[in-house]
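Engineer: Just the structure for this:
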Amino acid sequence: MAKKKNRPTLQHVADEVGITKMTVSRFLRNPESVSASLQTRIAKALEDIGYIHNQAPNLLSNAKSHAIGVLVPSLTNQVFAEVIRGIEEVIDPAGYQTMLAHYGYSKSAEEARLAKLLSYNIDGVILSESVHTERTRKMLDMADIPVVEIMDSVAKPISQAVGIDNAAASTAMTQRMIDKGYRNLVYLAARMDERTQQKIQGYKYAINAAKLTARVIHTELPSSFTIGSELLCQALKEHPNMDGVVCTNDDIAIGALYECQRQNIPVPGKIAIAGFHGHNFSQVIVPKLATVATPREEIGRLAATELLARFNGEPMERNVFELPFKVLDGETI
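Structural biologist: The predicted structure is shown next:
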C-alpha cells in the first residue's frame, strides 16, 4: 500500500498565517480569543490547506482506528437502513465498526460531519452522494484514505462508486407505463436532491422519445406518505386528464395510492401509479405497487468489500460498479 500523505498540522497553519502554533490552537478552542482580522486569516488558512482536527490522542494519530465512516442523508429512510445493514454484514466479521453520520441532504452539513469523522482518524469512508463541496473534496484528498461513493454509478467518482444508473431506471419504468398505453404521465418528486433530478431526467427522456408532454410536480420537502397524497391532489387539480404518475420513491407512490383510495379513484383503472426502490412494504399492500427494485443491501456489501480490499493493499481493479435494477409491474400500472 502506498504511503499515506502527511496531514496538515497546526504548524502548517501557523506558518501559512505567520503566527505561532499556540495562537492557532487558541483559535480552535475559542475563535473569540483572537482578533476578528486574525480569525478570518486563520479560518482561510485552515480551509485552504484542508486542516483536519485530530480528536485521537497523539500516540494514536498514525494508528488504524478499525472504524469506517458512513455518511447518509437520513437515518430514518429505509433505503439507507438497508445499505447500512449490507455494510455491517461485511465489516463486522472483519473487526471494523461503523461511525455513522447523517446530514439531511445538505452539502455543508456533509462537510461538517465528514470533518468530525476524519478527526477520529477513520480508516475509510463511504459517502452517499456524488456531489460535494470543494472543502469536502480537499479534506478527503488530504486524509488520503479509501473513499467509496454509493447509490450513483454515473457521476465521476472521487475514487470508487457503487450504485445504479438512476436515470436509466426511471426511463425504464416510464417506458413500461408508456408501453402499457398511458399517455398523460405526471412525475411526482420531493427533496430535489441529485438522484431525484437524475430520475426526472430519465422520465423526461422516455416521455420526449414518445413525443408526449412531460409534466413534473415537485416539492423541496422530504418525501412521506403525506407529501405523496398532497402531490397527487395537486396533480389532479393541475392535470385533470392525467392517467398515471411516476413517483421518485415508494413513499410518494404509496401516499398517492392512499389518496386515490380515499377519493375512490380506481388504480390502475383511472390512474396508474409507479414508485421507486421496491421496498418490502410496497409488495404487500393492496394493490401491490409497481416499482423499480434496487439492490440496496448489495450496494452496501460491495462498497464495504471494496474498502476492505483497499485496507489490505489490494489493487483497485474497477472504479465504478453499476448494479442492475428490476422493473416490477405490481398491480398499479
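Engineer: pLDDT score for the residue nearest to I207 when sequence neighbours are not counted?
Structural biologist: Closest residue to I207 apart from its sequence neighbours, by CB to CB, 6 or more residues apart in numbering: A214 at 4.4 Å. The C-beta positions use only the backbone N, C-alpha and C, and glycine is treated the same way. Model confidence at A214, expressed as pLDDT, equals 98.
Engineer: quick one: contacts for A214?
Structural biologist: Y187, Y203, K204, I207, N208 (CB atoms under 8 Å, 6 or more residues apart in numbering).
Engineer: For the stretch 101-250 of the chain, which segments are assigned as helices?
Structural biologist: With DSSP state H, counting those that start in this stretch as the criterion, the stretch 101-250 of the chain has helices at 107-119, 134-143, 166-179, 194-209, 225-238, 250-262.
Engineer: Dump these into JSON lines; add distance to T291, mean pLDDT and mean neighbour count as well.
Structural biologist: Below are those laid out as JSON lines (distance: least, CB to CB, whole Å; pLDDT from 0 to 100; neighbours: other CB atoms under 10 Å):
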{"stretch": "helix 107-119", "distance to T291": "28", "mean pLDDT": "94", "mean neighbour count": "18"}
{"stretch": "helix 134-143", "distance to T291": "32", "mean pLDDT": "93", "mean neighbour count": "18"}
{"stretch": "helix 166-179", "distance to T291": "8", "mean pLDDT": "98", "mean neighbour count": "21"}
{"stretch": "helix 194-209", "distance to T291": "12", "mean pLDDT": "97", "mean neighbour count": "20"}
{"stretch": "helix 225-238", "distance to T291": "13", "mean pLDDT": "98", "mean neighbour count": "19"}
{"stretch": "helix 250-262", "distance to T291": "6", "mean pLDDT": "98", "mean neighbour count": "24"}
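Engineer: what's the closest of these to K288?
Structural biologist: helix 250-262 (10.4 Å; CB to CB).
Engineer: what's next to that closest one, contact-wise?
Structural biologist: For helix 250-262, the surrounding residues in contact (CB under 8 Å, 6+ apart) are 188-190, 223-233, 245, 247, 266-267, 271, 273-279, 281-282, 285, 287, 289, 291, 332.
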